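In: what follows is a predicted protein model with its sequence.
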Amino acid sequence: MAAAADDAAPRAHALILPYPAQGHVIPLMELAHCLVDRGFAVTFVNTEHNHRRVVAASAGGGVQAPGSRTRLRLAGVADGMGDGEDRDNLVRLNAAMQDAIPPQLEPILDGDDGAGGEGLGKVTCVVVDVGMSWALDAVKRRGLPAAALWAASAAVLAVLLGAKKLIHDGVIDDDGAPLKLENNSFHLTESTPPMDATFLAWNFMGNHDAERMVFHYLTSMAQAAAVNANILLCNTFAELEPSIFSGESLATILPIGPLRTGQRYTSPEAVVGHFWQTNNDTCLTFLDEQPPGSVVYVSFGSLTVMSPEQLQELALGLEASGHPFLWVVRPGLTSKLPTSFMDPMVGQGKGRVVGWAPQEQVLAHPAVGCFVTHCGWNSTLEGIRNGVPMLCWPYFTDQFTNQTYICDIWQIGLKMVQTFGGEIVTKDIIIERLEELLLDEGAKERVKRLKELAEMNINGKGESMRNFNAFLEFIVRPVS
């Protein structure tokens, strides 16, 4: 997809609004780049809190002076929370955003926000994260073409869209809590195969009040997207979730994935949506020194929290495994590691601890043999896109759904923990599971096949690319 010339008139001006979490910002930022590649101008609206983080992590990339002809404009809006409030409290964040953000979007949509659109012209189309579907009211009033992108699996979106039916059928109660299920399974529609109850992603929030509020928020947002967006997009591909795309559906979901969320690192000023600076040179230099298929890559995303005891046990397990490892430990957590891990070069040079990594570049490196992951959807797709088997250690929400896909349906990985209990996973168990996965030739072959299907979908012949082209042609036309 060739980029348009900088001095050409934009084909259209899209406003993109992601949910304020890194796992949502990154795929929507990639979608923004795809639109720029096709001649669009884009205004990418983060919360001010995340806008500052994205700008800092990209070393200023994409931040241009007024009048610049850049096609990607970064903007920030207040999320309604105070400076000291915990933005990992999703219940509080969701409530605050719905009140604070809509009035700030109005002038941006109309090109009256004081920046003059930075030469991009009025907004002509909008893409919102499904989790921000309350923003579609203002879009609909203006008659603009609108799409909503779901950044997780189509299975979870289908469950959210079918929540009313699940309540009617006695699968869940009015607050989303599962009722008695035979073999822990249910049917979303008569024509779909049974689904595991782990697809009820809201039931892993840690307490019942949070689960109830997240259930109502997610289901209302999904239903608002289905009603108010002209197109419902999903970062997946049809062969990955055939039961969702081949059977009866409660809404038309267009798969356009897997979005290439890590392919823009070649430019030192690329804006990729990260909240932290990546240790590109450190990671890749270390990997270049390792034998093919030998490295254990460990990353648990931006929200996962482990107890100090569990972090210690994981550290000891990695060190004792004898395999070289690259471990992403978020800033602020390294103090909880054993003292031997205070040196970034661990275990006679066999391991590296970094604050953040260029994940898809790491997974694409031939030295990486397996991926220890929290099973976030972006990480799951990046593992598949690069043909890397996964050792699953989910934390909350849809991560348990993705583990079910990885281990039970696609069979391209193993579960680190066999139950949902809160017991410490010992270093001996960690070593055992690593050895089992690294020797699993069947998982390697199956993930290689999924990698091939992923590539087919995003090249000129694939269904995801055809869907993406149809989406582009729609959003450049005025809605009647």
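Out: Done, it's in.
In: domain ranges for the protein?
Out: Following automatic domain parsing, the chain resolves into domains at 13-263+456-475, 280-388+390-439.
In: same list (those domains) but as JSON lines, adding distance to Lys448.
Out: C-beta coordinates here come from the backbone N, C-alpha and C atoms, glycine included. Output for these, formatted as JSON lines (distance: least, C-beta to C-beta, whole Å):
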{"stretch": "domain 13-263+456-475", "distance to Lys448": "13"}
{"stretch": "domain 280-388+390-439", "distance to Lys448": "5"}
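In: closest one to Gly273 among these?
Out: Distance to Gly273, taken as C-beta to C-beta, is lowest for domain 13-263+456-475 among the domains of the chain, at 3.6 Å.
In: what distance separates the start and the end of the closest one?
Out: End-to-end distance for domain 13-263+456-475: 10 Å, by C-alpha to C-alpha, to the nearest Å.
In: look at Ala222 and tell me its secondary structure.
Out: Recorded secondary structure, Ala222: helix (DSSP: H, G, I helix; E, B strand; the rest coil).
In: circling back: could you export the domains of the chain to TSV, including columns for mean neighbour count, mean pLDDT and distance to Glu445?
Out: Converted to TSV, these look like this (neighbours: other C-beta atoms under 10 Å; pLDDT from 0 to 100; distance: least, C-beta to C-beta, whole Å):
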stretch	mean neighbour count	mean pLDDT	distance to Glu445
domain 13-263+456-475	19	87	16
domain 280-388+390-439	19	89	9
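In: among these, which is nearest Val271?
Out: Val271 lies closest to domain 13-263+456-475 among those, at 4.0 Å (C-beta to C-beta).
In: before we move on, back to that, which one of the domains of the chain lies nearest to Val447?
Out: Using C-beta to C-beta, these put domain 280-388+390-439 closest to Val447, at 4.0 Å.
In: chain center to the closest one: distance?
Out: When distances are taken as C-alpha atoms, centre = their mean, to the nearest Å, domain 280-388+390-439 is centred 17 Å away from the chain's centroid.
In: again, but for stretch 210-227
Out: From the chain centre to the centre of stretch 210-227 is a distance of 18 Å (C-alpha atoms, centre = their mean).
In: also stretch 458-471?
Out: Centroid displacement of stretch 458-471 relative to its chain, using C-alpha atoms, centre = their mean, is 20 Å.
In: residues contacting Arg92?
Out: By C-beta atoms under 8 Å, 6 or more residues apart in numbering, Arg92 lies in contact with 81, 85-86.
In: one more: Met29?
Out: Going by C-beta under 8 Å, 6+ apart, Met29 touches 18, 44, 54, 271-273.
In: that one and Leu15, how far apart?
Out: Met29 sits 14 Å away from Leu15, going by C-beta to C-beta, to the nearest Å.
In: and Ser302, by the same measure?
Out: 24 Å.
In: could you do Glu85 as well?
Out: Look at Glu85 and Leu15: by C-beta to C-beta, they are 26 Å apart.
In: tell me the SS of Gly76?
Out: Each residue gets one of three states, and Gly76 gets strand by three-state DSSP.
In: quick check: chain neighbours aside, which residue is closest to it?
Out: His51 (3.1 Å; C-beta to C-beta, 6 or more residues apart in numbering).
In: remind me which helix or strand that neighbour belongs to.
Out: His51 is part of helix 48-57 when elements are defined by DSSP states H and E.
In: repeat for Leu149
Out: Per DSSP H and E, Leu149 falls inside strand 146-150.
In: can you tell me what sits against that strand?
Out: In contact with strand 146-150 (C-beta under 8 Å, 6+ apart) are residues 27-28, 31, 125-130, 133, 136, 139-140, 156-157, 222, 225, 228-235, 253, 471, 474-475, 479.
In: parallel or antiparallel, which strands does that strand pair with?
Out: Sheet pairing for strand 146-150, assigned by DSSP bridges, gives strand 125-129 (parallel), strand 231-234 (parallel).
In: what sits up against the first one?
Out: What it means is strand 125-129. Here strand 125-129 has contacts from 12-19, 24, 28, 31, 109, 135-136, 139, 144-151, 225, 229, 233, 475-476, using C-beta under 8 Å, 6+ apart.
In: which ones are touching the residue nearest to Gly76?
Out: His51 touches 74-76, counting by C-beta under 8 Å, 6+ apart.
In: could you redo those as a markdown table and give each row distance to Leu166?
Out: Output for the contacts of His51, formatted as a markdown table (distance: C-beta to C-beta, whole Å):
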| residue | distance to Leu166 |
| --- | --- |
| Leu74 | 39 |
| Ala75 | 38 |
| Gly76 | 37 |
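In: now, which of these sits nearest Thr261?
Out: Set against Thr261, the nearest of these by C-beta to C-beta is Leu74 (17.3 Å).
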